[in-house]
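Peer 1: model this:
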Amino acid sequence: MKIYKNFISEVVKSTIPTDKRTLKNLPRYSTGKPKVHFAEWLGLKGQGSKGYDGRYYGWSHRAIHGFKVGDEISGDHIGHKDYEWNDDENGIKHEPYKIKSEEEAKEHALRFAKNVS
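Peer 2: A predicted model of the protein is given here:
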């Protein structure tokens, strides 16, 4: 099975250049099931790693999100540096800000993964 999976991955990788890959163009079968795992598609090595598209990704079984320099983080975003688990229930919103460095983007990805799981 692993050989077959790698064969499919190689076929899919050759059709879309790495710099054009996104979660939206992840190849899928007609059933909707992905042909390739998103981490392989985006070139991710683990939580907080940088994808082919220059974003740092964090994920769990619930959600995935990518962060890059220049992204604006809204006051109610789960990756916000001041986010607490019960902020939504208490109606607390924090000041929005922009990510200024690669290190900050990676920190946001790791924080997102921790908070969403």
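
Peer 1: Against residue 72, how distant is residue 100?
Peer 2: 11 Å (C-beta to C-beta, to the nearest Å). Backbone N, C-alpha and C define where each C-beta goes, glycine included.

Peer 1: for residue 19, that is, sorry about that
Peer 2: Taken as C-beta to C-beta, the span from residue 19 to residue 72 is 23 Å.

Peer 1: what kind of secondary structure is residue 66 in?
Peer 2: Of the three states, residue 66 takes strand under DSSP: H, G, I helix; E, B strand; the rest coil.

Peer 1: hang on, isn't it packed against residue 59?
Peer 2: No - using C-beta atoms under 8 Å, residue 66 is not in contact with residue 59; the gap is 9.3 Å.

Peer 1: more crowded one of the two?
Peer 2: Legend: neighbour count by other C-beta atoms under 10 Å for residue 66 and residue 59, higher for residue 66 (22 against 18).
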